[in-house]
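Enquirer: Take a look and give me a structure for this.
(one chain, ligands or ions: 1)
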Amino acid sequence: MHDANGTLASGCIIFNLRSYSVGSDTQLFSVPAMPGLGANSMQIFLDTANIAEIKKSLATGVVSGVTTNPSIISRENKPFDTCIAEIIAVDPNLTVLLEVLAMDTQGMISEARKLNNISNNIVVKIPMTPEGLAAVKVLSQEGIKTTVTLVFSLNQAIAASCVGADYVAPFIGRLEDIDTDGTELVNTIKRTFETQKNKTKIIVASIRTPKAVSTLFSIGCDIITMPLNILEGMFKHPLTDAGLKKFNEDWQKVPAK
Ligand code: G3P
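Expert: Presented below is the predicted three-dimensional model:
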């Protein structure tokens, strides 16, 4: 229906879908294995360990991963193992980011190896500390995927990339909470990685508004992880609601025969 320039060929009729439902079976939108790795396009992850939220977001087809941290896990009031098993059971192909709790290098490495064995799609989150950097260096040599988390400066992102982190996770909202420009930090990390031809990708976390999502993707960040309310906020526009209401009203005027 599209010509080589991507424009609609003549003679093509577009029908509005008058009635539809998003499948309650989230497997309808089963995501490909490790979609975050090696893909060039932007991706959206959900920042939660809540099963209902994960299912709801996956049903839209937009989300391809889930990110957790100790605070997020604690909100579910379940043992860690139960929580993770339930998330993986929703969709075994979902990319899931899990954080280590140890503070020392050897402890982080041991935890990361165990987490990595849970499924093929785990990315281990390691905190941005000297001990964490040393752990990432070992883990990257073993082929275990890592995200260096709690990144708040370009130098921290550079250090993480130098030890082989697959991702760095700048926390934008927490910077803006203290009147610091988080978007500018992401922009600077992006340009620096491009200049240096680094492979480390940026997964932006601590998102407070839907506007932040569009701004951050427009400056080239790879993945954004967000709570469900921000994801839902991305879909909304008053003109969409008004337009749909008008279509439905006008449809009632169409003669049945
Ligand atoms: O993924 C990190 C994120 O959960 C932090 O968000 O809102 O606690 O700053 P927030």
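Enquirer: alpha carbons only for contacts and neighbour counts from here, please
Expert: Will do.
Enquirer: which parts of the helix or strand where M108 lies are buried?
Expert: Secondary structure assigned from DSSP states H and E places M108 in helix 105-116. For helix 105-116, burial by neighbour count (16 or more other C-alpha atoms under 10 Å) applies to T105, M108, I109, E111, A112, L115, N116.
Enquirer: Now stretch 151-164: average pLDDT?
Expert: Averaged across stretch 151-164, pLDDT comes to 98.
Enquirer: cool, and stretch 121-138?
Expert: Stretch 121-138 carries an average pLDDT of 98.
Enquirer: What are the contacting residues of it?
Expert: 33-34, 92-100, 103-106, 108-109, 112, 115-116, 144-151, 156, 159-160, 163-165 (C-alpha atoms under 8 Å, 6 or more residues apart in numbering).
Enquirer: quick one on the thing from earlier: quick one, the very next helix or strand once past the helix holding M108 and helix 105-116 angle?
Expert: As assigned by DSSP H and E, the chain's next helix or strand after helix 105-116 is strand 122-127. If you take axes from the mean of the first three to the mean of the last three C-alpha atoms, to 10 degrees, strand 122-127 sits at 160 degrees to helix 105-116.
Enquirer: What are the neighbouring residues in contact with the closest residue to the ligand within the chain?
Expert: Relative to the ligand, the nearest point of the chain is S206 (3.5 Å; C-alpha to the nearest ligand atom). By C-alpha under 8 Å, 6+ apart, S206 lies in contact with F171, I172, G173, R174, T225, M226.
Enquirer: Report all helices and strands that whichever helix or strand I54 is part of contacts.
Expert: Here I54 sits within helix 51-59, counting by DSSP H and E. Judged by 3 or more C-alpha pairs under 8 Å, 6 or more residues apart in numbering; DSSP states H and E, helix 51-59 is in contact with strand 63-67, helix 80-90, helix 228-235.
Enquirer: buried residues in that helix?
Expert: I51, E53, I54, K55, K56, S57, L58, A59.
Enquirer: Likewise for stretch 76-95?
Expert: C83, I84, I87, I88, V90, D91, P92, N93, L94, T95.
Enquirer: same for the ligand: which of those are within range?
Expert: Among those, proximity to the ligand is found for none (C-alpha under 6 Å from any ligand atom).
Enquirer: Need those residues in a markdown table (columns: pLDDT).
Expert: As requested, the buried residues of stretch 76-95 are exported to a markdown table (pLDDT from 0 to 100):
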| residue | pLDDT |
| --- | --- |
| C83 | 96 |
| I84 | 96 |
| I87 | 97 |
| I88 | 95 |
| V90 | 96 |
| D91 | 94 |
| P92 | 88 |
| N93 | 89 |
| L94 | 95 |
| T95 | 96 |
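Enquirer: Which members of those residues are the farthest-apart pair?
Expert: C83 and N93 (16.3 Å; C-alpha to C-alpha).
Enquirer: I'd like the distance from the one helix or strand T183 maps to to the chain centre, please.
Expert: In the assignment (DSSP H and E), T183 maps to helix 182-196. Centroid displacement of helix 182-196 relative to its chain, using C-alpha atoms, centre = their mean, to the nearest Å, is 18 Å.
Enquirer: That concludes my questions; thank you for your assistance.
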